[in-house]
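Trainee: here are the coordinates; sequence isn't available:
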């Protein structure tokens, strides 16, 4: 289904690339070159492309060229024009030349599907009322004849009308639910546990309702208070009970309000052995909303090895240090090796069998209940990270916040919630303090509105109160020198008749006449200053290097870029990307390369021969990587030897990589030795892809296998260019990318890690070389190139598509020194996971909408359990990327694993095509994809424990109908890729998860004081469309 906003962005990108415009006939061609597909005007509801273009005047302007042909030009929005002018004046003031402005809104950098929820989360805020659920008439269940739910939602129906303007921040009256209204015990119990985990010293029951209301914006049901004592068994202590993970203590009084609640502590009746046992593989274990946290007893009197007192304090302290380095969680199986590598001593073996020994320093989750070594350990923190994920920006810098002279203060600038906001880079004299502005709603657009108001306000002479005696630090309104603009500024320096001011919203300074200053009216203090700072990740040690700053100036200053926010501190840590080209450019990584010593680069020259060349990698497209003896390689080997000795001598956790990001330079083991790597992709927070830059090998590893480059050797390693040279063989009958698997395997077996002689034939973007195993390099007929060309290895088998992976897993394993299990064959009968457990009819569940076609068909995932899917997919990546390639016999309705865009998914085969492609359905995300048969692998039983996460759904409360494209787009924009609350109306049960369907009401509760019921929005939209027709 096409996304109109995305189409607009892509059309704008095409048009901005051509100053003279793009002819209508060529627009489709250039659009396809950029996106890989034609403009989907019919899917957007337009009969012709011309009709679509006329509907977006803010994007495209249509003119007639000299030949009479229609030419499309980019429409320059007010915001872009304003930014361009201000950036130009900034550069004029600094005399640094003309600025470059890329796109107004950069292409969105797609996030991996499983990075959205890498940790267990608390529940979403639940809706306060139930909307107008009967709206739309007919079967409220929608299509089909679903099972009717018990009870009626109309009993507590909200009678007021929704606001006509859906953007109005109105707060309707909140009707109180009847005393007998049903509530979800599981949901309430999980919330009470969350509250009590923050009050480890106990909490009076009387204090629980207000705390519950504060946390969840909802009253604690009275029935829940009555049920506190009856939810679980009574312990031997008559004054205490175990309450679903909570301990309830009764003081002398018998009044319920005077009970004390504590986080659960196991009683002496529970033996240490049973306390350390992970959850049994009962299918119900998969459906808990919160991770099954195992806690040890603080009062246990056991003297066995399972007792917490048997773990030495220094060991526990070291384990705590390791866990704090990996705030997103640490797999338990990685703990022994990590502990030994870090502290040069072994971890006691019984620790993995008795993880509850660590319960006072971490929480323990078992995504795979029958495998305790696959548990995930989360360091305990004082603050609940989930509640603050959108509020971390509240601690923004106060360096520019409360500047005021008078009684007015300016609020702090809140960092955008989105992971990849667009930013305008203003300038950087230090990469630890880059000045930039955020672009978009609430930021540059709010600034534009404020400056329009200032221009109108100060356009009236009565409001122009001159600032006759400016003081340093004072806020003022400035009449711009060359533009009819009024800008906010702060006085930096007062001279005789001039003053130096800093434009607080645009991030640059200027010397102007005092006559340009006016008193800033109090109403213009309300918007935060828009100029802010960031720190560039990876460049901290080289923040003032001239080579870095010069490269950054040419690539980023004056441009609108995409920012990835890694840490939301006072000065946020960022990675900047230029996404205006076909390939994303990592600005941080490119600036780091400016430090490389050119004299240490490859000595390859055309028509030259080199002895003792080491071919280190052969890619499946026919390209090769090799090392040529050189001064740079000799220096690198010496530095790596020092690195090996340094890491062997250090006993510290400081060199563990705790914050991985794309483009980061660090170390990983290659053939048992520490080697340089660059992080190329992240799969969640614990699994990532790396490139060994000096051998050209790619691999997938756990983050615990990485180390920071030692500070004393950082400059030497960074300044040495990569020693792996990418080449291709000259004079072969096929081009790069058309190699058969047989040809690739022959070349690997022949040349990998052999001492060869190389002759460079030509050097274009890619060096074309001849390889020789003898010194007879003058005769190309003796080359490996000629031997390979003469072999009958170039005929593609029918219906076989080449694997584009850069190397085979078999070869990768031998290079990395790891071992893999024998190639898997499909099991005779694969035991599929149990069906995902749903709440009772009439109850709520938190969901994430992964796919939204229209209100009659969309796909949900359980929001709180998405972290389990993250862990599963990380395990699959590690498993299948190390697995030797083996053809899989594919059949319809087969469940297997498929590789799509560097990730491995659990899929159902829907059909096998004759061209070697297979139609599959992603069982955890609900998407239909086409994949080459070479990208399929058998799904092992290990990955069949977690229930398939995709839930097919339709929206309740609406008449069944054929949804228009317009309605589908409205619905998709409201729900897709968002966490929402679902109220279960009915279920169409089935034996397989992909055949089951639910009918639900969706509620957006992201706004504190307002619930948005999606069926209301869709009903109003269809009413408006009907009235317009």
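Mentor: Cool, the structure landed. Not measured: the values here are computed from a predicted model.

Trainee: my read: residue 444 touches residue 450, true?
Mentor: No. In terms of C-beta atoms under 8 Å, residue 444 does not count as a neighbour of residue 450; the distance is 10.6 Å. Backbone N, C-alpha and C define where each C-beta goes, glycine included.

Trainee: residue 8: what's it in contact with?
Mentor: Contact partners of residue 8, counting by C-beta atoms under 8 Å, 6 or more residues apart in numbering, are 56, 59.

Trainee: surely it is within a helix?
Mentor: Yes. Residue 8: assigned to a helix according to DSSP: H, G, I helix; E, B strand; the rest coil.

Trainee: ok so, going back, residue 444 and residue 450: which is more packed in?
Mentor: Using other C-beta atoms under 10 Å as the criterion, residue 444 and residue 450 rank with residue 444 on top: 23 against 19.

Trainee: centre of the chain to stretch 660-668, how far?
Mentor: 17 Å (C-alpha atoms, centre = their mean, to the nearest Å).

Trainee: what mean pLDDT does it get?
Mentor: Mean pLDDT, computed over stretch 660-668, is 95.

Trainee: same question for stretch 690-709.
Mentor: pLDDT averaged over stretch 690-709 gives 93.

Trainee: endpoint to endpoint, it covers what distance?
Mentor: 15 Å (C-alpha to C-alpha, to the nearest Å).

Trainee: mind listing the strands for the stretch 351-500 of the chain?
Mentor: Counting by DSSP state E, counting those that start in this stretch, the stretch 351-500 of the chain has strands at residues 362-365, 376-379, 422-427, 434-439, 475-479, 486-494, 498-503.

Trainee: what about the first one, average pLDDT?
Mentor: In this model, strand 362-365 has a mean pLDDT of 84.

Trainee: what is that strand packed up against?
Mentor: Packing partners of strand 362-365 (3 or more C-beta pairs under 8 Å, 6 or more residues apart in numbering; DSSP states H and E): strand 376-379.

Trainee: again, 10 Å this time
Mentor: helix 313-325, strand 376-379, helix 866-881 (3 or more C-beta pairs under 10 Å, 6 or more residues apart in numbering; DSSP states H and E).

Trainee: what's the closest of these to residue 610?
Mentor: Among these, helix 866-881 comes nearest to residue 610, with 32.5 Å by C-beta to C-beta.

Trainee: is residue 955 in a bridge, and if so with what?
Mentor: residue 1000 (DSSP bridges).

Trainee: and it, what pLDDT?
Mentor: 94.

Trainee: so what's it up against?
Mentor: When contacts are counted by C-beta atoms under 10 Å, 6 or more residues apart in numbering, residue 955 touches 136, 141-142, 852, 854-858, 971, 975, 982, 985, 999-1002, 1014-1015, 1018-1019.

Trainee: which of the helices and strands in this structure ranks last by mean pLDDT?
Mentor: Within the chain, no helix or strand scores below helix 809-816, which has a mean of 33 by mean pLDDT, DSSP states H and E.

Trainee: need the distance between the two termini of stretch 710-729.
Mentor: 38 Å.

Trainee: quick one: buried residues of that stretch?
Mentor: 710, 713, 716-718, 720-729 (16 or more other C-beta atoms under 10 Å).

Trainee: need the contact list for residue 717.
Mentor: Residue 717 sits in contact with 635-636, 639-640, 642-643, 665, 667, 676, 709-710, where contact means C-beta under 10 Å, 6+ apart.

Trainee: again, but for residue 484
Mentor: Per C-beta under 10 Å, 6+ apart, neighbours of residue 484: 455, 459.

Trainee: does residue 858 touch residue 927 like I think?
Mentor: No. Using C-beta atoms under 10 Å, residue 858 makes no contact with residue 927, being 11.7 Å away.

Trainee: what sits in contact with each of those two?
Mentor: 850-851.

Trainee: quick one: which of the two has more around it?
Mentor: residue 858 (24 against 17).

Trainee: just the angle between the helix or strand hosting that one and helix 866-881, please?
Mentor: Residue 858 belongs to strand 857-862 when assigned by DSSP states H and E. Here the directions of strand 857-862 and helix 866-881 differ by 90 degrees (axes from the mean of the first three to the mean of the last three C-alpha atoms, to 10 degrees).

Trainee: direction included, what does strand 857-862 pair against?
Mentor: Checking strand 857-862 against DSSP bridges gives partners strand 844-854 (antiparallel), strand 951-955 (antiparallel).

Trainee: would CSV of those with distance to residue 777 be doable?
Mentor: What follows is the strands paired with strand 857-862, written out as CSV (distance: least, C-beta to C-beta, whole Å):
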stretch, distance to residue 777
strand 844-854, 56
strand 951-955, 63
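
Trainee: what's the closest of the ones you listed to residue 903?
Mentor: Short answer: strand 844-854, nearest of the strands paired with strand 857-862 by C-beta to C-beta, at 13.8 Å.

Trainee: moving C-terminal of the lengthiest helix in the chain, what's the next helix or strand?
Mentor: Counting by DSSP state H, the longest helix found in the chain is helix 631-649. Next in sequence after helix 631-649, counting helices and strands by DSSP H and E, comes strand 665-670.

Trainee: for that following strand, packing partners?
Mentor: Using 3+ C-beta pairs under 10 Å, 6+ apart: strand 665-670 touches helix 587-593, helix 631-649, strand 673-683, strand 687-692, strand 697-702, helix 711-719, helix 809-816.

Trainee: buried stuff in it?
Mentor: 665-670.

Trainee: that older thread, just put the helices and strands packed on strand 665-670 in a markdown table and tack on distance to residue 655.
Mentor: Shown next, in a markdown table, are those (distance: least, C-beta to C-beta, whole Å):
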| stretch | distance to residue 655 |
| --- | --- |
| helix 587-593 | 19 |
| helix 631-649 | 7 |
| strand 673-683 | 10 |
| strand 687-692 | 16 |
| strand 697-702 | 16 |
| helix 711-719 | 9 |
| helix 809-816 | 20 |
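
Trainee: of all these, which one is nearest residue 478?
Mentor: That would be helix 587-593 among the helices and strands packed on strand 665-670, by C-beta to C-beta, at 31.2 Å.

Trainee: identify the residues contacting the closest one?
Mentor: Contacts of helix 587-593 (C-beta under 10 Å, 6+ apart): 425, 428, 431, 536-539, 542, 545, 547-556, 559, 561-564, 574-578, 586, 661-665, 678-679, 718, 721-722.
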